[in-house]
Every structure is written in C-alpha cells, then in structure tokens.
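Engineer: kindly return the folded structure for what I paste below:
(4 chains)
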Amino acid sequence: MAIIVDEKTKVCVQAITGRQGRFHTRQMLDYGTRVVAGTSPGKGGQEVEGVPVYDTVEEAVDKRGATASIIFVPAPFAKDAAFEAIDAKIQVVTIISEHIPVHDAMEIMAFAAQRGVTVVGPNTFGVISPGKCKIGIMPNRIYIPGPVGIAARSGTLSYEIAYQLSSAGLGQSTVVGLGGDRVVGLDFVDCLRMLERDPETKAVVLVGEIGGSAEEEAAEFIKGMTKPVVAYVAGKSAPPGKRMGHAGAIIERGRGTFAGKIDALKQGDAAVAELPSELPALVKQALERV
Amino acid sequence: MAIIVDEKTKVCVQAITGRQGRFHTRQMLDYGTRVVAGTSPGKGGQEVEGVPVYDTVEEAVDKRGATASIIFVPAPFAKDAAFEAIDAKIQVVTIISEHIPVHDAMEIMAFAAQRGVTVVGPNTFGVISPGKCKIGIMPNRIYIPGPVGIAARSGTLSYEIAYQLSSAGLGQSTVVGLGGDRVVGLDFVDCLRMLERDPETKAVVLVGEIGGSAEEEAAEFIKGMTKPVVAYVAGKSAPPGKRMGHAGAIIERGRGTFAGKIDALKQGDAAVAELPSELPALVKQALERV
Amino acid sequence: MKLYEYMAKELFGKAGIPVPAGRLAFTAQEAADACAELGPVAIKAQVLAGGRGKAGGIKFADTPPEAAAAAADLLGMAIRDLAVDRLLCEQKLSIERELYVGIAVDGTTRRPVLIASVQGGVNIEEVPEKSIVRRRIGVTWGLFGYAAREVVRRMGLDEPAAGKVVDILLRLYRVFRQYDAELVEINPLVILTGGEVIAADGRCNVDDDALWRQRDLPQTTEGTELERKVKSLGLSYVELDGDIAVMANGAGITMATLDIIQRYGGRPANFLDAGGGAGVEPMTRALEVLIATKPRAVLVNIFGGITRCDDVANAIVQARRTVKTDVPMVVRLSGTNEDEGIEILARDGLTAYRSMEEAAARVVALAGEAN
Amino acid sequence: MKLYEYMAKELFGKAGIPVPAGRLAFTAQEAADACAELGPVAIKAQVLAGGRGKAGGIKFADTPPEAAAAAADLLGMAIRDLAVDRLLCEQKLSIERELYVGIAVDGTTRRPVLIASVQGGVNIEEVPEKSIVRRRIGVTWGLFGYAAREVVRRMGLDEPAAGKVVDILLRLYRVFRQYDAELVEINPLVILTGGEVIAADGRCNVDDDALWRQRDLPQTTEGTELERKVKSLGLSYVELDGDIAVMANGAGITMATLDIIQRYGGRPANFLDAGGGAGVEPMTRALEVLIATKPRAVLVNIFGGITRCDDVANAIVQARRTVKTDVPMVVRLSGTNEDEGIEILARDGLTAYRSMEEAAARVVALAGEAN
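Structural biologist: This is a model prediction of the structure:
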C-alpha cells in the first residue's frame, strides 16, 4: 500500500524533451519509477532515455497505458498541459511548474474536481512512495520505505525533514508535496484522510508554514484521526505583512499567523516540533504509542 | 408513479410577476400543481395568485422547499435564470422561454449535467403527469391519467395527439415536451429510458419531426425496450434545405430526413403512424399486445 | 443569419487566421481595379448558399480586362435562385493541399463539435467516414491546444503544417464562441506550395437568437421579400410552390398540416408557423399577407394551448375585413376557448372544423374546385 | 502587483462601475487646478498600502488654495514608510451609507470568493462576522446575476440601491477575471444622498505570475531598491532589520532558517529564497548583493534537490572572488552532490556544515564575534 502512487503507477512525462523533463525522467527511471511515455508536441516518434515520445497525452494513454503524469511545461502552457492530462483520463497529475497564474490554477482544480482527478501541485516537488514510485524532482537518495506519511507545503524543507527521519531509521510510506502556491490540488486534510486510511502508514508528519488556513483545517481533522500526527510549521520569525517567497506565505488580515497555527495544531492533539531536528524523536515517541 | 414530476413536486415559477408567469401560475394552480413559490428580482414579499414571491430561487428553496422550477424569463436572461435554479438545487428545471441563444443552451446543459439536474426545454410546453402535476403551458383539459407515456419535440402537435388519445379513452402517465430547439435538456432516449422503467407506463408514443438525429437514436434504443412504442414524425412534405420554423427542423447534409427516420423507427420495431389520427388505434393495438 | 464569405473572412482575419488578400467588387470595373492591385485573382460570387463552385460561381483572371469580363459574367448569374450582386476578388493561391475544418453545434451531444479532414474542397458529406476526424468540445472549457493537436495528429498532418492548423483551429473556435455561431467552416483550408496555411473559403452562420448581442456584426438578409415581411412580424415563414396557403401554430403541427394536405393531393403554398404564443395583431397581419399572395384556398389550423381560439377567430375576422377577399378559407379550431372561437367565426359566416384532417380534406377540395 | 487607487479606479470605470470624477496630481499646483476644475475635492495620497485614512492620507479642500496647501502637506508625508509622490483629487461625495465589496482568491476552496458587508469604510476584519456576506464563485461559470442578487439580499439592501450593487458586483467580477487579480476591492462602496452608488475607493492586486499576459496594465514597483534588484534576478527577497544575511533554497527552508537563527539569538537581515531550481549565475549575483549590504555574517543554507550542491559551491566561490569580502560566511550543504560541493568550498578555504542547526548556531556566534 501507500497513497496516490505505488508500484503499479505508470507515468507519462509532459515536456519530456526539455532540459528538466529529460533530467528528471532519467532520475525517475533510476529510482525505479515506471516512466512509460513522454509527450512533446511535434516530437512524437522520438525517444528520450529510452522512453517513447508522443505528440499528445491521449496517445500516451492509448498506447502505453499511462495512469499518472508529471508536468514540466512552462507556466504559460501549464494549464493546457494539465487539462490535457485530466481530459486523457490520467488519474494523478503532478504539476512541477512554478509561477502558474492563480486563475489558471483555479481552473485546473475545477476541471480536476469535475473529473475526479488528483492534482499534486502546482509548484510542488511531487509525490513519492519510497521503494515503489517517485513522481517528482526530489533527490533519489533521501527516502527509505517505512511507516511515516509526510505531507508538506514546502519542498526543500521536507527533503531536510525526510532526510533526518531516514537518518534516524524512520522510513516513509508516502511523501506528498502539496505545492507552494495559494491554490493547489491537495490540501493537508486530503492527505491526512488518505494517510489515515492507508494500512502502511502508522504516523504522519505535517510540514506547514505561515499563511493561508490549511494547517488550521488540518488541526480540526486531526481530532478525528486514530493515527498520531507530528507537525512542524515554518515562519515563526516572519514579520507580518511581508511576502516570504510564496503567495501562500503572505500573512494578511490576521489569518494564518504562526501562533494561531501552533495553537490550533496543539488543540488538535498534534505533537509540535519547534525545530526540524526535533521531529525524529517526536515521531519515534508517536510510533511507540501506536 | 409517473416520470419527472408527480404529486410530490413543489414548483417555483421564475418570473412569476410577468404576464405569462402570472397567467400560467393560475392555470397550474387550477390544475392542482403545488406551486409553492415564485421569483422576481426586487419584488420579494409580494404575492401572485396567493403564491409568495421571492427575490431569488435560493430563498424559494430555503423557505418553501421548491423541487422544480418553470422559467418564463425572456431569452436574454434565461441563462441566468436556469443557472440560478440549478445552483439552488432545483431538481427539474423547465424552460418555457423561446429564442434562447444556442450557445447559452449549451452552457445550461453543461451545468445541469455537472449537477445531475433534469432540464426540460428550452422552447418546450413543459411536462405533465396527468392528475398529479403539470409544469408547463399546455391546456389543462386535454389530458387524462392512464398508461401511455408521450415524448414529443413539438408542442401543439403533441396537444393534438394527447387530445385524440384522451378522446379515445387512452390516458397518459407522463407527457414530456423535449423542446423545439436544437439543443435541449432531454432527448427521446432519456425519456424512453425513464418511461421504460416507470411501472405506470405500458406503452409509449413518440412525436418526432424532421431534422437532427434524435429519432434515429431513439430507434436504436427502442430495440432494447420491453414496452411498445408508436411513433409519428412530421415533415414528410418539407422540401430539403428549407427552415421550417425550428432550428431543429433544418434538413442539412442529408441527415435527419423523413425517410431515414421512418426507416430507422420501423427497424427499431416501433409502429409508425402516417397520420396523427391513426395513433389512437395503433396505441390500442400496442396495449392489447402487452 | 448566414454571413457572406467576405464577411466571414473578415472575422477570421481579425481573429488571426490567415486569409488571402482580397477586395469586394460590385461592378466589373471594381473587379478590374482589384486585379490591377492584387495581380492574378480568383473572382468569387458572393451568395448565401453552398455549391457555388459547381455552379460556376468562381472564375480566374490574370489581367484587369480578363477580370472585368469574368466579373460581368458572374454578376449576371443566379446561384440557387439567388442573384449575384457582389464579388470577392482574391489573390490567386498556389495550392498544394486542401483540408476541411469546421465547428458546429451538435444537438445530440449538446455541445460544439469540431470536424476536420485532409480531404477538403468537396462537400464534407462526400468524404469517406474514415477520413473525417470528429471531436466534441466541452463548452465549459472550450477548445484547448492539446485537443486541437490530437485532431491534427489524427488527420495525419505533419509539421510544420500541423502546428499552423492547430493554431487556426484554436482561433476558429474563438470566432465560433465570440460571434454566437451555429457553424464556422473553412473549406478548403489550403496548404500553399510555400508551406503557408490559409483560409481559401470561409463560412459563418450566426444564431439568429443571439443577434441582439451581436450588434457589431454586418447584417445580411435571406429569403424572399415576402418571407422577410412575415418574419419581421416575428413569425416563421417559408415560401413553397403550391397553391394552398397555410397558417398553423407550432412548427410540428404546421409541418403535419402540410403533410396531410399533400397526402390528400393538395399542394401547400407556404409554411407559416404563428408560434405557440402569437398575439392577435401579428396573426392578423400574417393572414393579410397570406391572402395577398392570391392562393386558391387558405387553411388555418389552430390547436389552442397558449394561443386562444377566440383570439385566432378575431384575427381571422379582422383580416378578412381588411383585405376584403373572396378566397375560400377553411378554419380548424381546437383547444383553449374553442367554442368561443367557433362562435365568433360563425357570426362572420365561417364554419370551423374541429378535426384537422377533415379541415385539410376540405381545403384541398376547395382548392381543386377553384381550378 | 498592487495597483494604485487611481489605476484600479480607471479599470473599474472602464468596466462600467461608477467612480468619482478625479484628477491625478503630482504637485500642489496640479491639486489646485483639479479643485478649480472639479469644485470641492477629496485629496488622497496614492500609496501601495492600506490604512491611509487612519494615517492622515486624505484631506478635503473647498478652494484651490486650500487644495494646494493640503496637497503640499500630503506630498511631504510617508505612509507605512512609503513616500507619497502622487495624489488623487476627487469630487467630494455626499455620502449616505458606506458598504464593502471585494473579491479574492480563496486558497481553501480553490476558487474566488465574494465578500460584502453593509459596514464598509473600515477594515473588513473589524466587521462582526454576522454582518459579512460571503459567497464562493465557481470559476468555471463565473458570477451570475442571481448569485449577486442573493448576496445583496443577504446584505439587507433594498431597491433601488440593491439593483445597482448587483450590477457593480457583476462588473467587479469581470475586472477580477479580466486582469488576473488576486484581489479587487471597493471600500467604501458608497450610496450617495441622491441614491447613486459609486466606488469611493478602489484596490486591485494583480497576480505577478500573470503579468506576462497583462501587458496593457500600468506598472507599479513595490519594495526597496535592493528588493527590486534581487527580484529582477528571479529570486524572492525581503529586507529585514537584522544583521545576518541569509540565502537558502525554497521558501519553507528559508523561513525555517530565519526561525532557527532567531531562536539562537541572531537577527536575520533578509529573506532570500534562491528557489528550488535557481542557476549558478543568479545565485552568484544574489550573493554579491547580500555581501554588499555589509551584514555581520552570511549564512547559505542549501539542501540539494534540483539545486546541486556543487553549483552552489561554485556560486559562492565566484561571488567571493568578485566582491573580495572578509565578511564571515557559513555554508551548509546537504543533498545532491553534497560531497563535491563541500570539496569545492574546502579548496577555497571554507568549511561547510551538513546540519542546518549547527550552521545557524555558528553564524549567530560569528555575527556576535563581529560586534
């Protein structure tokens, strides 16, 4: 088991002939991901890293049975690419592309909801079920299989945390990058719901940050969960009203403050780490209590 | 039983304060339809024929539990009205309005399909389950309850036929006006599917016309039905390429001809009447065979 | 409302679809001037009907005198009974390949459908099914690049033409939506010897019901003068070639009425659908128009729903008074206020029928007697 | 990108939303001229920040001399550290009632949300929840008249104002969509004593990520010169008031880095997120900028994912060569090509850490030593 992706997932890489697409196709293949096809309009018939290239996702699905896709398409074309994947009956669409207009993101999510498709991202590092399938741009070597599910808003910070957990012998069932934008396909609650149901997952790590209200909603959901949740939230020192890189990290109108999120999570019975380095010990404690 | 509407249906009249809305509210009340509310923006708080008027359908649903609506709103505003009804969780939306732009009709149908709402029309006379509920503008006195379901593209022609059936003692379970426009909510196949499942319906009359391919699709469906179907198709004498009043009645590109429809229906095991006056006898024969 | 080719192409051009350089000409001299400006030209009759090519409505000219001569010929023609009063003179194209692309409203799926073929230039109906690519378009989201690419892939086009056709399809869909079109069509869409892809013809039929919000479009008028006159009353009217004038209420019942007249051996002179909810005033005017066409007989067939039979009876009485006609008139009234209607007519000396078939049989007999 | 009030109002006005007659003034004389033309005016400081009213950024003038004086005062002000360099002079309004309306992107529901209240003119956060009407808008279909009518009904407005506010809401949503706005807001939307409804203020924040397709919009610049310089390299940068310069890769890890520095008693001088996939070149430039701000110490914290540690190491080495600095620098490298990166730094005499907390502790200590 695991959530979202596993050893059966067959991946299509959208924009496989680009620099990023090519590089990460190699990386995913090295990881053992079943990359079955790639797309690049006008370049159908070529091969990239031994993977056949098609003009359209529809063709990739028809001919190679792709069930998931990863999008490296530049932001202005990302909406088209996401709609293409959803329309071609891809079940999990991972959008790596950054700087997608938020109105495009809203449209992508509306279409995905209509079709019952899972969207990871945009502006995500992807999703990985260690040892089974990696769809994303995360380093290959920091994850090990195990009982900890991770849902994270930030990419690099979650690598850091996964690496520390792995170093402490705490493997992961699935690690999901929600994406750093204001409008993304999966939120914490979606991930927690899936992880709660996943037999392989015994504990959950939530990596949040200031801005928005995803952590507060997660805190509500955690109250009804049987599995322990350990949380870390970045942004304690951020001054109010300043943009810290993500649209999602704007503190505005009093919502989404660090203190508010921490309070909510504690009330929701999550263990809260003050430093990333405290997470392994807290996760260990949580697993011992299970 | 019956299909689409019955004695439990609670109706909201959209544009109840207009001439048409007011007149047909009276007619429907006289018929025994449960008209529970009407809407007219800016006129909330008034009453029409004893029916309370609200500003919005949402309010009519909240306060009066409307489950169906009938729209008399002029064409330029009909899309807004239909979306309002669908969005307010009305389950059956009957659009009487004529001359709705076909692009608006396509949008209405797309939204209704998303929400699982039944749309009757536009440009329809409505739907009636005799003795139970009438939502429409058809005369009150031509229908009697009974075992014959009717699905018709044309309004007045179906009155003619219902009247002849009633005069011959052949009552109706439900009579549905699909609407005369090229894009309408229900087609023959939708109606046949519902009538086939309806225990009260023992035979079906299909009133078609030239243009489009709804009759041909119906013919295919009839092959799998257990109940007998009797059909009449208008337009035998129409010269090709001439518009005969409905967008739906354009004969173009060789599709939708009279001969093609009659052939298809006969192959689909429907009994075909050459004159409206032949229908009662054919329906009687069909009922005797059941 | 159908647009002329040159109007459709203007919309296409504005939307960024490549179209040939061209000039509109109403006279032979203007055609010669266009040729002088553009070089060798195709001169194309502008009519609101298809089949122009087969009817000889396109000629070519290399020089202004040739252009004048060709234009003079064309301006004397009629295509499908439509007199040619204007010509489109376009730079001659060096065509390598002819494609077909079109977008129409599909009643069956309740959404737009894109139709494309690498066999353009002929009637799309004559192209074998296997050479036609169809793709439904979700009206919610519109036509995306990927869907257009999939269509072009299925057509079997290669780059660089493929990418150009994708771009044209996206723009064509925008035209379709922006102008409330029922149909937009480019046939042929041509690939030139130089590789350019260009709309050699263009068609755009706009939804009549949306004209109120398409005020910027040029207007065209279709149909005979009489048809337009009745249409201006808000009624549906089509001229036919028989001698029994017909008015009924509702398209279906009007068609059925014509069918029955024909079955009894009569020949309908027209289709006039007064509509489900027509008022007395336009019905009176329409009846006056019908009578003025001097038919051998008139049949009014009304089943009263919204339309009330007494209103119809009053309209008939009033029209007969205005026109002072002795054309035989048969009336059938049934439904709402049927008795009142019949009584009104009786007072005016007209016997109304309650059965449409009896009424039809009667009017055919009267038209025969009138021979 | 935030737009100035006068820019937002221009967009609103174009969309058919009533706005007061107004003139932009950069000098006291221009303000006097505006008053001469418009009569009694409100003179409003134009700054890309809220809270202007409370900060004294709005003055009233009945005569040109009064206007000149008021303008002179305002042009000397700073609001939230932003110097006032332009004023909007608007015809004074006779206000009966102040409403609030706004549309924003709601991350939680992934769609636009309309927010409205009959208690306008103040910070919407201070309005009690029961006086706020919220309605989600399906991005697929947009805002319909009926939804706007339902909002206005819930606000408790009566005709004729109700219908006018409905119309304004529909137009405001069009502005929101057309210009890729993250937020559009009219606060207050006022009902005048004459019954007219008019946008007395206006705000429009446009999505930076959509500016490539919003070429027709006026440009505004926000942030300090330094912030703009780093932003122009494609990196995220925010100036803070501490003394330890920080560069990390990824917003989350950068925030975490600041948090840890603060926890160890240090004060970060900035937030610089080099992003997941930043190249060597912009990172080098950014480091140069950081060093040039003369911090007490620099911390570079990189966890290599897409970013490769050897690239980062090369950027550091190159930046140090260009700037020739002796500011203490602490580097933490972990992840992709970590060993290669550490080796490259070692050759340049820099010891890299593998733990971010050790690195943070070290940089705080170094910044302290530098005192």
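Engineer: quick one, strands of the stretch 101-250 of chain A?
Structural biologist: Here the stretch 101-250 of chain A has its strands, by DSSP state E, counting those that start in this stretch, at A:118-120, A:126-129, A:133-136, A:145-152, A:172-177, A:203-209, A:229-234.
Engineer: which of these sits closest to residue C:154?
Structural biologist: Smallest distance to residue C:154 across those (CB to CB): 27.1 Å, for strand A:118-120. For every residue, glycine as well, the C-beta is placed using N, CA and C.
Engineer: distance between that closest one and the chain's centre?
Structural biologist: 8 Å (CA atoms, centre = their mean, to the nearest Å).
Engineer: tell me which other helices or strands that strand touches.
Structural biologist: strand A:92-95, helix A:102-115 (3 or more CB pairs under 8 Å, 6 or more residues apart in numbering or on different chains; DSSP states H and E).
Engineer: quick one: which of those is nearest chain C?
Structural biologist: helix A:102-115 (6.3 Å; CB to the nearest CB).
Engineer: who's in contact with the closest one?
Structural biologist: A:78-79, A:82-83, A:86-87, A:89, A:93, A:95, A:100, A:118-119, A:122, A:181-185, A:247, B:114, C:141, D:105, D:110-112, D:138-140, D:177, D:180, D:182, D:207, D:209-210 (CB atoms under 8 Å, 6 or more residues apart in numbering or on different chains).
Engineer: can you rerun that using 6 Å?
Structural biologist: Residues outside helix A:102-115 that contact it (CB atoms under 6 Å, 6 or more residues apart in numbering or on different chains): A:79, A:82-83, A:86, A:119, A:182-183, A:185, D:105, D:110-111, D:139-140, D:180, D:207.
Engineer: chain D contacts on chain C?
Structural biologist: By CB under 6 Å from any CB of the partner chain, the part of chain C that sits against chain D consists of residue C:140.
Engineer: and chain B, is the helix-or-strand element of chain C with minimal mean pLDDT touching that?
Structural biologist: The helix or strand of chain C with the poorest confidence is helix C:225-231; it has a mean of 81 (mean pLDDT, DSSP states H and E). No. Using CB under 6 Å from any CB, helix C:225-231 never reaches chain B; the gap is at least 9.6 Å.
Engineer: ok, now which ones touch the residue in chain C positioned nearest to chain B?
Structural biologist: Residue nearest to chain B within chain C: residue C:252 (2.1 Å; CB to the nearest CB). By CB under 6 Å, 6+ apart, the residues touching residue C:252 are B:154, B:157, B:209, B:234.
Engineer: tell me how far it lies from residue B:235.
Structural biologist: 8 Å (CB to CB, to the nearest Å).
Engineer: which other residues reach the least confident helix or strand of chain C?
Structural biologist: C:237, C:239, C:286, C:289.
Engineer: swap in stretch A:261-274?
Structural biologist: With CB under 6 Å, 6+ apart as the criterion, stretch A:261-274 contacts A:215, A:216, A:219, A:222, A:223, A:229, A:230, A:231, A:232, A:233, A:279, A:282.
Engineer: so how far is residue A:276 from the second one?
Structural biologist: Looking back up the chat, that one is residue A:216. Taking CB to CB, one finds residue A:216 at 21 Å from residue A:276.
Engineer: same check, this time on residue A:26
Structural biologist: Applying CB to CB, the value for residue A:26 to residue A:276 is 29 Å.
Engineer: would you mind telling me which of these two has the busier surroundings?
Structural biologist: The neighbour count for residue A:26 versus residue A:276, taken as other CB atoms under 10 Å in any protein chain shown, is higher for residue A:276 (24 against 15).
Engineer: report the contact partners of the residue in chain A positioned nearest to chain C.
Structural biologist: Going by CB to the nearest CB, chain C is nearest to residue A:84 of chain A, at 3.4 Å. Counting by CB under 6 Å, 6+ apart, residue A:84 makes contact with A:57, C:146.
Engineer: can you give me the angle the helix or strand harbouring it makes with helix A:102-115?
Structural biologist: Element membership of residue A:84, judged by DSSP states H and E, is helix A:75-87. Helix A:75-87 runs at 0 degrees relative to helix A:102-115, counting by axes from the mean of the first three to the mean of the last three CA atoms, to 10 degrees.
Engineer: so who does residue 237 touch?
Structural biologist: Chain wasn't specified; assuming chain A. D:258, D:259, D:262.
Engineer: was after chain C, sorry
Structural biologist: Residue C:237 neighbours (CB under 6 Å, 6+ apart): C:227, C:230, C:231, C:272.
Engineer: ok, the residue in chain A that chain B sits nearest to - how many residues close by?
Structural biologist: Proximity of chain A to chain B (CB to the nearest CB) peaks at residue A:114, 6.4 Å away. For residue A:114, the number of neighbouring residues by other CB under 10 Å comes to 15.
Engineer: name the residues of chain C found near chain A, please.
Structural biologist: Residues of chain C lying near chain A (CB under 6 Å from any CB): C:144, C:145, C:146, C:149, C:150, C:153, C:159.
Engineer: which ones among the residues you listed lie within helices?
Structural biologist: Mapping those onto helices (DSSP state H) picks out C:145, C:146, C:149, C:150, C:153.
Engineer: tell me which of the contacts of residue C:237 is nearest to chain A?
Structural biologist: residue C:231 (40.7 Å).
Engineer: tally of neighbours for the closest one?
Structural biologist: 16.
Engineer: now it: how far from residue C:301?
Structural biologist: From residue C:231 to residue C:301 the distance is 20 Å (CB to CB).
Engineer: again, but for residue A:225
Structural biologist: 72 Å.
Engineer: now the farthest one out in chain A, which residue is it?
Structural biologist: residue A:45 (30.8 Å; CA atoms, centre = their mean).
Engineer: circling back: adding pLDDT and secondary structure, write the contacts of helix C:225-231 out as TSV.
Structural biologist: Below are those laid out as TSV (pLDDT from 0 to 100; DSSP: H, G, I helix; E, B strand; the rest coil):
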residue	pLDDT	secondary structure
C:237	87	strand
C:239	86	strand
C:286	85	helix
C:289	86	helix
